[in-house]
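# Coordinates only, no sequence provided:
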C-alpha cells in the first residue's frame, strides 16, 4: 500500500477549489446522455477495501464505477476472481500502471522507493510497463478499451509528457486537478478529478449539486473507503453520496470513465450545434 497523502493533497485542500464561473455559456441540460451532467466514481490502487466496501456499496445502489488497478498489486493477484466478477457486473478495471511509479523529487514523496522512481525512468520503460498493465488487465476482464490514471498525478518522464505516446492505447487519462468542465472543454489527456479525503456526505453531495448547476463533468477520486489507505473517506459519507446519485439518476448520468470518455470523444468530434 502506498501512502502519499502529502503529495496528492498538496495545493488542493480537502475539496480543492470549486471552479469559478466558466468563460463560455454552459451547454443546455440534456447534453450528457439526455441528462444535465455526468459523474464518474473512480477508486485508485487496487486495495482490499475496494472489494470489501466500495464495490458492495456500488452494487447495492445499482451504480458502476472505475477501479484503477496497480496491475502487479498483491491484491490483484490474491483476489483476481473478485476483480473479474466486478468487471462482469459492468465496473471498469482501469490502468494505474504496473508498479505505480512516482517522481520522488516533489515534497512529501518519501514513500517512493528507488525501483519505482519515475524520475529515473526512460520513456520506453514507462510505456512498456503501462502496456504490460493493459495486457494483464485484458487477461482479467477480456476488454480492449479502458482508461488510464496517472500515478501520483505525475505527467512527465523528464521533460516529456509520457501519455502522448500512449494515446492510442487508451480512451482517456484521468488526472488529479479539480475542475468541472463542460463536455467540449474536457481534456481527455488529463481529465480533472476531485481528490476525496475525509469529507462528509454533505460535502460530497454539494459537489454533485454544483456540477448539476454547471451541466459539466465531475470525477470523484477515492482511495480508501472505510479505511485501508492514508487517503480515506468513511463508509457513511460514501453511502450518502451513492444514495443521492441513485435518487437523482433522471438528472445525473453515472457511468464508468471509459463510457463517459468515449461519449465525450464522440461529442467533441461532432460539429458544434448552431444557436
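That came in fine, so what should we check first? Since this is a predicted model, take the numbers as computed values, not measurements. Numbers count the residues shown, from 1 in each chain.

# helix/strand/coil for residue 184?
At residue 184 the chain is in helix, as set by DSSP: H, G, I helix; E, B strand; the rest coil.

# Could you verify my assumption that it touches residue 266?
No. Taking contacts as Cβ atoms under 8 Å, residue 184 lies outside contact range of residue 266: 11.6 Å. C-beta: built from backbone N, CA, C; applies to glycine.

# So for these two, which residue has more residues nearby?
The residue with more neighbours, out of residue 184 and residue 266, is residue 184; 13 against 10, by other Cβ atoms under 10 Å.

# How about that one, nearest residue that isn't a chain neighbour?
Nearest non-adjacent residue to residue 184, counting by Cβ to Cβ, 6 or more residues apart in numbering: residue 268, 5.7 Å away.

# which residues does that neighbour contact?
Residues near residue 268 by Cβ atoms under 8 Å, 6 or more residues apart in numbering: 183-184, 186, 188.

# And for residue 52?
Counting by Cβ under 8 Å, 6+ apart, residue 52 makes contact with residue 226.

# re earlier: tell me the spacing between the residue nearest to residue 184 and residue 70.
Going from residue 268 to residue 70 by Cβ to Cβ, to the nearest Å gives 30 Å.

# got it, and residue 213?
With distances taken as Cβ to Cβ, residue 213 is found 35 Å from residue 70.

# Looking at those two, which one has more neighbours?
For residue 213 versus residue 70, the count of surrounding residues by other Cβ under 10 Å is larger for residue 70: 22 against 12.

# Isn't the more buried one up against residue 102?
No. Using Cβ under 8 Å, residue 70 is not in contact with residue 102; the gap is 11.5 Å.

# Which neighbours do these two have in common?
Shared contacts of residue 70 and residue 102, defined by Cβ under 8 Å, 6+ apart, comprise residue 151.

# element containing the residue nearest the centre of the chain?
Note on the chain: the residue nearest the mean C-alpha position is residue 42, at 4.0 Å, using Cα atoms, centre = their mean. Secondary structure assignment for residue 42, by DSSP states H and E: strand 37-44.

# Give the next helix or strand downstream of that strand.
That would be, after strand 37-44 and using DSSP H and E, helix 48-49.

# what sits up against that following helix?
Contacts of helix 48-49 with the rest of the structure, by Cβ under 8 Å, 6+ apart, involve 75, 79, 224-229.

# circling back: so what strands line up beside the strand holding residue 42?
Here strand 37-44 is paired, per DSSP bridges, with strand 66-69 (parallel), strand 217-222 (parallel), strand 252-254 (parallel).

# Now do the residue lying closest to residue 69 once chain neighbours are set aside, the pLDDT please.
Take residue 69 and drop its neighbours on the chain: the residue closest to it by Cβ to Cβ, 6+ apart is residue 46, 4.1 Å away. For residue 46, the pLDDT comes out at 97.

# so where do the helices sit in the stretch 101-250 of the chain?
When secondary structure is read from DSSP state H, counting those that start in this stretch, the stretch 101-250 of the chain shows helices at 123-141, 201-214, 235-247.
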